[in-house]
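[1] Any chance you can model this:
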Amino acid sequence: MELAAHRLLYDNIHDFKTTAALVEAEISRHGIRGDRNTVVPDMKGRRHLETWASLKTVSHFNLATALELMLKLILFRNNTDGPKCHSLTELYAALPAQARRRLESTYQESRSVRPDGYELVAFLNTASPREPERPATRDISTLSGFFEYLDEDVALWKKRYSWELVGRGQFRHYLSDIAVFVEFINRVMRRVPRE
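    Take a look at the predicted model:
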């Protein structure tokens, strides 16, 4: 990989992660909640749940892009050809075993920034004549489990199309807090030189 391409990829990882964190900060700053349907003050008539879901969609899409690019950078740095895909699970599986062990250890360390944890949030996007079966609780205590959750339930690669799911009576999945994953990216990227 050319040096200029490596620097751009490195910077993109940080910038997508930072964008996700800034969107989360806006949610906090305005006190936007996913469990209310009242109007958010100073948000031009927007309602809590709709605004929360919209901002979480933007946050999670940027977080997913940062994670995907980070895994691809690690693949490049390990001289490993990874799959040409957006699947975090597949990209992670393509990494050498030593890189996966180091990432797992970093994920476990990163979880300390939220000792109380965070919630996996699932809600129906609209009322439906038949409520679909509630999603199973995922085990995200490991990095591979977390990537499976993001790929299969949150469907990060489809987040930018979430508006198409409205009215289909499907569950939408979000993380209540992304601090662990921002910390995870920060810790991993500290070990990767920009040059």
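[2] Averaging pLDDT per element, find the lowest-scoring helix or strand in this protein.
    Of all helical and strand segments in the chain, the minimum by mean pLDDT, DSSP states H and E falls on strand 120-124, at a mean of 57.
[3] show me the contacts for Asn62.
    Residues in contact with Asn62 (C-beta atoms under 8 Å, 6 or more residues apart in numbering) are 16-17, 19-20, 23. C-beta: built from backbone N, CA, C; applies to glycine.
[4] Apologies, that question was intended for Glu183.
    110, 113.
[5] before we move on, back to that, out of the contacts of Asn62, name the ones that lie in helices.
    Counting by DSSP state H, these place 16-17, 19-20, 23 in helices.
[6] can the residues you listed go into JSON lines with extra columns for pLDDT and neighbour count?
    Formatted as JSON lines, the ones in helices among the contacts of Asn62 follow (pLDDT from 0 to 100; neighbours: other C-beta atoms under 10 Å):
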{"residue": "Phe16", "pLDDT": "97", "neighbour count": "21"}
{"residue": "Lys17", "pLDDT": "98", "neighbour count": "24"}
{"residue": "Thr19", "pLDDT": "98", "neighbour count": "17"}
{"residue": "Ala20", "pLDDT": "97", "neighbour count": "25"}
{"residue": "Val23", "pLDDT": "97", "neighbour count": "20"}
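[7] of all the residues you listed, which comes closest to Arg194?
    Lys17 (14.4 Å; C-beta to C-beta).
[8] Report pLDDT for Pro96.
    For Pro96, the pLDDT comes out at 96.
[9] That one and Leu88: what is the separation?
    In this view, Pro96 and Leu88 are 17 Å apart by C-beta to C-beta, to the nearest Å.
[10] So if I had to pick from those two, which one is more boxed in?
    Remark: of Pro96 and Leu88, Leu88 carries more neighbours, 23 against 13, as counted by other C-beta atoms under 10 Å.
[11] Torsion angles phi and psi at that one?
    Dihedral angles of Leu88 (phi, psi; degrees, to the nearest 10) stand at phi -60, psi -40.
[12] quick one: low-confidence parts of the chain?
    117-136, 156-171 (pLDDT under 70).
[13] mind listing the helices for it?
    Counting by DSSP H, the chain has helices at residues 3-30, 48-77, 88-94, 97-110, 143-148, 179-190.
[14] Now the longest one: buried residues?
    This means helix 48-77. With burial defined by 16 or more other C-beta atoms under 10 Å, the residues of helix 48-77 counted as buried are 48-49, 51-53, 55-75.
[15] rewinding a little: may I see the ones in helices among the contacts of Asn62 organised as a markdown table, with distance to Arg190 added?
    Output for those, formatted as a markdown table (distance: C-beta to C-beta, whole Å):
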| residue | distance to Arg190 |
| --- | --- |
| Phe16 | 17 |
| Lys17 | 13 |
| Thr19 | 19 |
| Ala20 | 18 |
| Val23 | 23 |
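[16] quick check, nearest of those to Ile185?
    For these, the nearest to Ile185 is Lys17 (4.8 Å; C-beta to C-beta).
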